[in-house]
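>>> give me a model of this one.
(2 chains)
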Amino acid sequence: MTAMRYWQAAADALRQEMRRDPTIIVLGEDVAGGAGREAEGIVDAWGGPFGITRGLIKEFGPARVRDTPISEAGFTGIAAGLAADGYRPWVDIMFTELLPLAWEQLTNKIARSHYLSAGQLRMPVTVKTFGDCYSPVCHYPGLISVAPSDPYSAKGLMTAAIRSDDPVVVFDNLKLLRHQGEVPDEPYVLPLGQARILRPGSGLTLLGIGASTSLCLAAATDMDAAGLSAEVVDLLTLSPWDVTGVTESVRKTGRLLVVDYDHPECGLAATICAKVAESAWDALLAPPTFMNPPPVPTMGMDANPAMAAMYLPGVEAVVGAAAKLCGRPAGRESGTTTVKPTAASTCAAVMPRRRS
Amino acid sequence: MAADQQFMADMYERLCRCREFESALISYATKDGKPVGHPYLGQEAVAVGVCAALHPDDRVVGTHRAHGYAVAKGCDLERLALELYGSAEGTCRGRAGEMYMAQTDVGYFGGTQIVGGNVPMAAGLALAAQLGQLDRVAVSFVGDGAVNQGVLSEALNMASIWSLPLILVIDNNGYAQTTSVEYATAGRIAERWAPYGITSLSVDGQRVTEVYDAAKSARDRAVRGKGPTVIEAVTYRYEGHYYGDRHRRYRSQEEVDTWLARDPVELHRRASLESGLTDAELTRIRTNAAAASQAAFNRARAGRAVAQPDLLEGVLTEPLLSRLGESS
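Sure thing, here's the model as predicted:
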């Protein structure tokens, strides 16, 4: 075990897998940096956004660590061709704002090829990006999506993504980059398609997605002081998500609050609530509820920190929504946190009536 | 038979396979109420000339107008016909249909419904060949409409800076759907690639041997590490954009007649006669090709239909979905 930051854990996974498997090819803008200036002694000048791919070109060379022009659709499609011929491309799409440029290649080629070719083509592509806008990717069958929430899951899910014979989109998050945690030195895999319980509880399930998991953990600690026992579940794989695991937790606690940093409409959180309303119907004590930022087209990269603070749900909002679901007054009689309504409103996805 | 006659006969046989497969599809599918899609009639010399110059292991991707490319690259006629008829016995178990059907064991990696959308994939297949230091190239066929798609420029730029063994073949049939190439395309297609440092040329797409020669030199250059080549093959689409596009009000009868007089199969038949092949030999080749395609579609009529379990199978290679829905 070594204490490392989130970005180091992700980088560790990629480096270890590249040592293990010579078919892994890293593609992206400035993944090494300074390409074409080797004659001047310039190599590895940047290392990708936040240095996750720094050092790889020195160990694996420019054939396997390939700086691309700014052509997201082009190099994502090149990854499809590499995958079709037995390679495992690892593609860096810096931020989710850039994913739409690659959308045609990601959906029509990468997501569809295995199914449409009846297994003749395989697409073991890992696409790594930063951001919260994951619901459009989850919408598309044939793609697996994951969102790690700490250094341990960053390494385990990145390893799983690279080893998967299916395309996996890894949603990393700037909010988590500097989080520190204990990470095993040897390679390991967190199973795709399985959520994990980070904190057992009895009165409410708080479901975190990627970076919002830390928020759920903080809210659960706060709620303890008020006598509310929250179970924190970390979704990890966003698509196909773990219906069984989430349902088991909700059947135990009777209540579900999904905390989701993505846009609310037609989103992953709404899908989860709708499914759980069905799968845990007879055990529900309150409507499955989701909490998102308001539907405003803000810039995910936080151009204005003051706006970002207003935009994202905070601990207070999560505690307030949880208290309401548990039948407590929103103003809470005890504890230190004052809950006030925020722009991050809660919405009940479905309103199951109690059976008489 | 002399070597050049053998070559001419082989080209004629390949042209006839494409022509007769398309003709059989139109005749059977219209009778059986099946979709015809986007016929390749009139353009056969492009796909045939290029694919004949390739090695069996070379990779080819096509377009939405895919029948000709699939046949020319050597896909199994029966399995193609079964695929087009939606049978579970088709090349892709009836899932892909015309635009995505693929048969990778003969190097045909499928088409796409997106104009220009397959060029990056072909560049990736070319990169795989380069990384493996293989004597192999990748070919992307596109139509003239694709030259105005941004992703084509992205892929060609990377193919040039990395000297990828890629051949881009532009089937310039004069129309992108109903829009003429003169209207939609600035400058001359074959001249667009010099600023990218890419060798390009324009050939008579009705002369199969001219296309073959261009493709053969492009392949030689590619495997010698000299990078990509763009070949514009000037040709003509006999049918509409799709088979139901019967009106074709966007072009004159005079224009159509001019092109029909330069039919690629007929032009090559005449050239073959001049090379010393007999009319009887050529007629036998054509009759055999027609019989093979008719047999393929008769087989397709008896193919096993897709069943409900087939629908859900193979979305992912591993059934991650096994944990989904157990509790529902």
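>>> quick one, strands of the stretch 201-350 of chain A?
A:204-208, A:230-234, A:237-239, A:256-259, A:289-291, A:346-348 (DSSP state E, counting those that start in this stretch).
>>> how close does the residue minimising distance to the centre of chain B get to residue B:90?
In chain B, the residue lying closest to the centroid (Cα atoms, centre = their mean) is residue B:69, at 2.1 Å. Between residue B:69 and residue B:90 the computed distance is 16 Å (Cβ to Cβ, to the nearest Å). From N, CA and C alone the C-beta is placed, and that goes for glycine too.
>>> equivalent analysis for residue A:4, please.
50 Å.
>>> measure stretch A:171-190 end to end?
Start-to-end span of stretch A:171-190 (Cα to Cα, to the nearest Å) is 15 Å.
>>> following the helix or strand hosting residue B:124, which helix or strand comes up?
Here residue B:124, judged by DSSP states H and E, is contained in helix B:119-131. Using DSSP H and E, the helix or strand that follows helix B:119-131 towards the C-terminus is strand B:138-143.
>>> what is the rounded mean pLDDT of that next one?
Mean per-residue pLDDT for strand B:138-143: 98.
>>> quick check: next helix or strand after that strand?
Trace forward from strand B:138-143 with DSSP H and E and the next one is helix B:150-161.
>>> helices or strands next to that next one in the packing?
Contact partners of helix B:150-161 among helices and strands, from 3 or more Cβ pairs under 8 Å, 6 or more residues apart in numbering or on different chains; DSSP states H and E: helix A:72-84, helix B:119-131, strand B:166-172.
>>> enumerate the positions of that helix that are buried.
For helix B:150-161, a neighbour-count test (16 or more other Cβ atoms under 10 Å in any protein chain shown) marks B:151, B:152, B:153, B:154, B:155, B:156, B:157, B:158, B:159, B:160 as buried.
>>> now swap in stretch A:208-227 and tell me
Residues A:208-217, A:219-220, A:222-223, A:226 are the ones in stretch A:208-227 that count as buried (16+ other Cβ under 10 Å).
>>> got the residue ranges for the strands in the stretch 151-300 of chain B?
Secondary structure of the stretch 151-300 of chain B (DSSP E, counting those that start in this stretch): strands at B:166-172, B:175-176, B:179-180, B:199-204, B:229-234.
>>> now the helices: where do they sit in chain B?
Ranges of helices in chain B, per DSSP state H, are B:3-32, B:44-52, B:67-72, B:77-84, B:97-100, B:119-131, B:150-161, B:181-184, B:208-223, B:253-260, B:264-274, B:279-301, B:308-312.
>>> what's the angle between the longest one and helix B:208-223?
Here the directions of helix B:3-32 and helix B:208-223 differ by 100 degrees (axes from the mean of the first three to the mean of the last three Cα atoms, to 10 degrees).
>>> tell me which residues in helix B:3-32 are buried?
For helix B:3-32, by 16+ other Cβ under 10 Å, it's B:7-9, B:11-26, B:28-29.
>>> same question for stretch A:186-197.
A:187, A:189, A:190, A:192, A:193, A:195, A:196.
>>> and those as CSV, adding pLDDT, distance to residue A:139 and secondary structure?
Converted to CSV, the buried residues of stretch A:186-197 look like this (pLDDT from 0 to 100; distance: Cβ to Cβ, whole Å; DSSP: H, G, I helix; E, B strand; the rest coil):
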residue, pLDDT, distance to residue A:139, secondary structure
A:187, 98, 31, coil
A:189, 96, 26, coil
A:190, 96, 23, coil
A:192, 96, 18, coil
A:193, 95, 17, coil
A:195, 97, 19, coil
A:196, 97, 24, strand
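>>> can these go into a markdown table with extra columns for distance to residue A:116?
Putting the buried residues of stretch A:186-197 into a markdown table (distance: Cβ to Cβ, whole Å) gives the following:
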| residue | distance to residue A:116 |
| --- | --- |
| A:187 | 32 |
| A:189 | 28 |
| A:190 | 29 |
| A:192 | 22 |
| A:193 | 22 |
| A:195 | 30 |
| A:196 | 33 |
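>>> tell me the one of those residues nearest chain B?
The shortest approach to chain B among the buried residues of stretch A:186-197 belongs to residue A:193, at 4.0 Å (Cβ to the nearest Cβ).
>>> for the nearest residue to residue A:168 once chain neighbours are set aside, give me its contacts.
Leaving aside its chain neighbours, residue A:168 sits nearest to residue A:161 (3.7 Å; criterion: Cβ to Cβ, 6 or more residues apart in numbering or on different chains). Counting by Cβ atoms under 8 Å, 6 or more residues apart in numbering or on different chains, residue A:161 makes contact with A:126, A:128, A:144, A:146, A:168, A:170, A:192.
>>> and chain A, what are its domains?
Chain A breaks down by automatic domain parsing into domains covering A:2-183, A:196-348.
>>> what's the end-to-end length of the first one?
End-to-end distance of domain A:2-183 (Cα to Cα): 5 Å.
>>> for it, give the mean pLDDT please.
The model assigns domain A:2-183 a mean pLDDT of 96.
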